[in-house]
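K.L.:
need a structure here:
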Amino acid sequence: MDDDFAWGQYDKLVDDYFNKRETIKTLGLEENLTMITNLTQAIQLTANSIRKIGTEVDGIKDSLDEIKGTVNKKDSQINKLIDNIGLKSKHTVRLTRFLKNKVSQLVNSRDVLKMKHSRCQNAKNKLFTYMGVNKWEDISVSEESKAHAFIDTLEHEDLYY
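P.N.:
Numbers count the residues shown, from 1 in each chain. Below is the predicted model:
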């Protein structure tokens, strides 16, 4: 008995039992038999109600377990996405910084350390063409070494279209 309703039914059953015993002492045999029959039926109905409640509670517990499993699975997926987003942004920052430094070395100037600079734009466009992407975020983390290798091969002439 896991809930207040079941305990209430049980208390009612016990109270009725003792009340009926007192009544049985004062009634005749036929009346006692009728009362015992009614009490037996009440006990059966109460027992059936308690069983139904137990079945429903078990069903609710099973549903909650399924929901918990689904929530845990979704939490895991969300955490993986968050990790990937963080990894992607770090990855993008590393690549852009590496490209800007390479271009800066090739032209012997720190002025090009802004990606808006035409030499950086040219180098970025060549990288994107080589990698087959349209933006930094499209370069997968697993292909970062390929992008680094390409950037390493850039020469001064590659910075001019």
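K.L.:
which secondary structure element contains residue 34?
P.N.:
helix 29-107 (DSSP states H and E).
K.L.:
Can you give me the buried ones in whichever helix or strand comes after that helix?
P.N.:
Remark: after helix 29-107, the chain's next helix or strand is helix 118-131, criterion DSSP H and E. The neighbour-count check on helix 118-131 (16 or more other C-beta atoms under 10 Å) flags 119-124, 126-128, 131 as buried. Every residue, glycine included, has its C-beta placed from N, CA and C.
K.L.:
Ok, stretch 33-48 next?
P.N.:
Buried-residue list, stretch 33-48, by 16+ other C-beta under 10 Å: 39, 46.
K.L.:
ok, now stretch 149-161?
P.N.:
In terms of neighbour count (16+ other C-beta under 10 Å), stretch 149-161 has its buried residues at 150-151, 154, 158-159.
K.L.:
so which of those comes closest to residue 103?
P.N.:
residue 159 (6.2 Å; C-beta to C-beta).
K.L.:
Nearest spatial neighbour of that closest one, chain-adjacent residues omitted?
P.N.:
Excluding the flanking residues, the one nearest residue 159 by C-beta to C-beta, 6 or more residues apart in numbering is residue 119, at 4.3 Å.
K.L.:
got it, and residue 102?
P.N.:
The shortest distance from residue 102 to any non-neighbouring residue, by C-beta to C-beta, 6+ apart, is to residue 151 (5.2 Å).
K.L.:
what does whichever strand or helix holds that neighbour rub up against?
P.N.:
Per DSSP H and E: residue 151 is located in helix 144-153. Contacts to helix 144-153, defined as C-beta atoms under 8 Å, 6 or more residues apart in numbering, come from residues 91, 94-95, 98-99, 102, 123, 127, 130-131, 139.
K.L.:
now those residues as JSON lines including pLDDT and distance to residue 72?
P.N.:
Shown next, in JSON lines, are the contacts of helix 144-153 (pLDDT from 0 to 100; distance: C-beta to C-beta, whole Å):
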{"residue": "91", "pLDDT": "80", "distance to residue 72": "28"}
{"residue": "94", "pLDDT": "86", "distance to residue 72": "33"}
{"residue": "95", "pLDDT": "89", "distance to residue 72": "34"}
{"residue": "98", "pLDDT": "88", "distance to residue 72": "39"}
{"residue": "99", "pLDDT": "88", "distance to residue 72": "41"}
{"residue": "102", "pLDDT": "87", "distance to residue 72": "45"}
{"residue": "123", "pLDDT": "89", "distance to residue 72": "45"}
{"residue": "127", "pLDDT": "92", "distance to residue 72": "40"}
{"residue": "130", "pLDDT": "93", "distance to residue 72": "42"}
{"residue": "131", "pLDDT": "91", "distance to residue 72": "37"}
{"residue": "139", "pLDDT": "85", "distance to residue 72": "32"}
